[in-house]
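> Structure, please.
(one chain, ligands or ions: 2)
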Amino acid sequence: MIGGARHDHAVLAGDLCADPALLSVVAAQERAASMIDHPVGEEIVGLAKLAGRISSGPVVSPTPLPPFDHSAMDGFALADLGREHVVRARLAAGAPGGGAPLNPGEAARILTGAPLPPGAVTVVMQERAERSGDHIRLRATPEPGANIRRRGEDVCVGEVIVPAGVRLDARHIAILAAAGVAEARVRRRVVIGLLSTGDELLRAGEALRPGKIHDANRPMLAAILDRPSHEVVDLGVAPDDPEALRRLLLDAAARCDAIVTSGATSVGDEDHLAAAVLAGGGRLELARVALKPGKPVVAGRLGRAALIGLPGNPFAALVAHMLIGRVALERLAGLSPRPFRPLPAAAGFSQKGPGTRTEFAPAALRGVDERGVLRVEKLGRGGSARLAPLIAADGLAVIPAGRDEVKPGDAIGFLPFEAALEL
Ligand SMILES: Nc1nc2c(c(=O)[nH]1)N[C@H]1C(S)=C(S)[C@@H](COP(=O)(O)OP(=O)(O)OC[C@H]3O[C@@H](n4cnc5c(N)ncnc54)[C@H](O)[C@@H]3O)O[C@H]1N2
Ligand code: MOO
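Residues are numbered from 1 along each chain as shown. Ligands and ions are numbered 1, 2, ... in the order given. Model prediction:
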């Protein structure tokens with residue numbers, strides 16, 4: 001059993017599994033990843049459209065950054081560390097060079113970003129100098145090398161500025177732009193076919209009829225999956241009919257890199273996903289994963305497409321996507337694997353009974369405890385079909401499998417929604 005006060009990321013990620021009938025989360029992730037032999041192809045994209053794309057090769061800088069020695073302040077470049085100087089020149093940002101070399105006793109008026117004149121040993125801020133005509137007098141002895149940004153101090157020529165396999169964000173765009181790189185090689189968008197299954201499902205906007213419910217999973221998953229790196233194709237709703245499901249899946253496999261379904265993964269008479277995939281010539285791993293909710297998950301392949309089957313209950317589908325489906329979709333997109341790292345938190349609740357599955361529960365943040373650790377309170381009374389507790393929550397409490405009980409103050413994990421809902 002796991003000690004209550006332990007914060008072990010591997011444990012939080014669920015590589016422990018107390019029930020031999022269940023697959024650990026880590027083993028299920030490996031299984032899902034093993035369905036992907038290589039990421040999607042590459043394309044070259046301009047800077048303005050790079051945000052959110054996945055780099056496919058390292059980008060090296062063609063230039064040093066900064067490209068030349070320059071001043072970090074508005075002030076005076078000095079040829080020596082004396083306190084009196086004659087101002088000989090004026091240099092502003094954009095000047096083609098630092099001008100004539102400075103001789104001892106000489107200074108150049110220099111503005112932030114301007115190239116340093118040859119012979120300059122330091123720059124003083126103008127606030128530290130008194131100017132009268134062509135002369136300056138410093139209030140204190142200047143520091144050698146101060147207020148100078150050296151060529152290449154940030155980046156050398158040939159240095160990797162963006163590694164392969166990362167999702168490009170504003171930081172990467174900034175360094176590429178600074179290095180003058182106008183385009184980069186990235187993975188093409190992963191095409192994900194999104195399918196709901198079940199005769200009971202209606203589209204939001206359609207009037208409810210007896211026995212029917214509105215499809216929540218497809219819009220929920222589309223909201224997560226439709227990204228610059230991934231593109232969603234709406235495959236609609238498949239009826240509870242193995243032959244119709246087989247045809248739909250085969251058609252989708254011909255035009256998608258991955259198919260993500262929800263429902264029909266369990267053991268009910270109308271859970272036809274496995275039969276449909278096998279009848280379509282695909283291969284399949286069905287798993288009962290040590291996840292609560294999100295236990296029944298399917299990973300497989302159909303033609304050229306990877307297949308992820310999430311459970312039907314919406315919260316279970318969300319958790320199974322987050323922990324299992326996402327791994328396969330990230331691998332397809334060429335993203336380097338990222339560790340699953342819930343934030344260390346302290347339980348603000350108690351619960352009894354051995355947890356054989358790593359549990360995810362809607363949770364609210366309730367300040368920090370005396371050690372400065374986030375205090376987390378579970379919301380709702382559980383249930384993989386309930387959505388309302390998610391609305392009131394700040395994120396998900398993560399309670400590792402293997403706990404006998406949880407007492408207030410025990411170490412648990414907390415996954416803010418920003419991390420939980422990103423792809
Ligand atoms: N005898 C057993 N029954 C069940 C087990 C089990 O181990 N033995 N597991 C339960 C668990 S855990 C889950 S989770 C569900 C998963 O079932 P399926 O993946 O086969 O999903 P369905 O049966 O198709 O649907 C379950 C539930 O979710 C509703 N649903 C389905 N799709 C949507 C959608 N797109 N939007 C909103 N709601 C949806 C559906 O109407 C059902 O109520 O199985 C348990 N049963
Ligand atoms: O995966 Mo199920 O959600 O545990 O109800």
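
> tell me the contacts of R88?
By CB atoms under 8 Å, 6 or more residues apart in numbering, the residues touching R88 are 100, 102, 106-108, 134. Every residue, glycine included, has its C-beta placed from N, CA and C.

> That one: what secondary structure?
Using DSSP: H, G, I helix; E, B strand; the rest coil, the structure places R88 in strand.

> Model confidence score at it, please.
Looking at R88, its pLDDT reads 96.

> now swap in D15 and tell me
Looking at D15, its pLDDT reads 52.

> likewise the one 4 residues further on?
pLDDT recorded at D19 is 74.

> In which helix or strand does it reside?
Per DSSP states H and E: D19 is located in neither a helix nor a strand.

> Could you pull up the residues touching it?
Contacts here follow CB under 8 Å, 6+ apart; on that basis D19 touches 290, 356-357.

> would you turn those into CSV with distance to ligand 1, secondary structure and neighbour count?
What follows is the contacts of D19, written out as CSV (distance: CB to the nearest ligand atom, whole Å; DSSP: H, G, I helix; E, B strand; the rest coil; neighbours: other CB atoms under 10 Å):
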residue, distance to ligand 1, secondary structure, neighbour count
A290, 12, coil, 29
T356, 13, coil, 17
R357, 9, coil, 24
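
> Out of these, the closest to ligand 2 would be?
Nearest to ligand 2 among the contacts of D19 is R357, at 7.5 Å by CB to the nearest ligand atom.

> Give the closest residue to the closest one in space, chain neighbours not counted.
Using CB to CB, 6 or more residues apart in numbering and skipping residues adjacent in sequence, the residue nearest R357 is K292, 3.9 Å away.

> For burial, what's the neighbour tally of P416?
P416 has 16 neighbouring residues, counting by other CB atoms under 10 Å.

> Following the longest strand that the chain contains in sequence, what is the next regular element?
For the chain, the longest strand by residue count, based on DSSP state E, is strand 358-368. Sequence order places strand 374-378 as the next helix or strand after strand 358-368, per DSSP H and E.

> Contacts for that next one, please.
With contact meaning CB under 8 Å, 6+ apart, strand 374-378 is reached by 343-349, 351, 361-369, 397, 412, 414.

> Please repeat the previous calculation with a cut-off of 7 Å.
Contact with strand 374-378 is made by 343, 345-349, 361, 363-369, 397, 412, 414, as judged by CB atoms under 7 Å, 6 or more residues apart in numbering.

> just stretch 141-157 next, same as before
The contact list for stretch 141-157 (CB under 7 Å, 6+ apart) reads 61-73, 75, 78, 81, 83, 116, 121-125, 161, 179.

> go with 6 Å
With contact meaning CB atoms under 6 Å, 6 or more residues apart in numbering, stretch 141-157 is reached by 61, 64-66, 68-70, 72-73, 81, 121-124.

> Near the residue of the stretch 1-150 of the chain found nearest ligand 2, how many other residues are there?
Proximity of the stretch 1-150 of the chain to ligand 2 (CB to the nearest ligand atom) peaks at L22, 10.9 Å away. Applying other CB under 10 Å, we find 20 residues neighbouring L22.

> Let me see the contact set for the residue nearest to it when sequence neighbours are not counted.
Distances taken as CB to CB, 6+ apart place A290 nearest to L22, at 4.1 Å, with adjacent residues excluded. Contacts for A290 (CB under 6 Å, 6+ apart) come out as 17, 22, 24, 357, 401.

> Backbone dihedrals for A290, please?
A290 adopts backbone torsions of phi -80, psi 60, taken as degrees, to the nearest 10.
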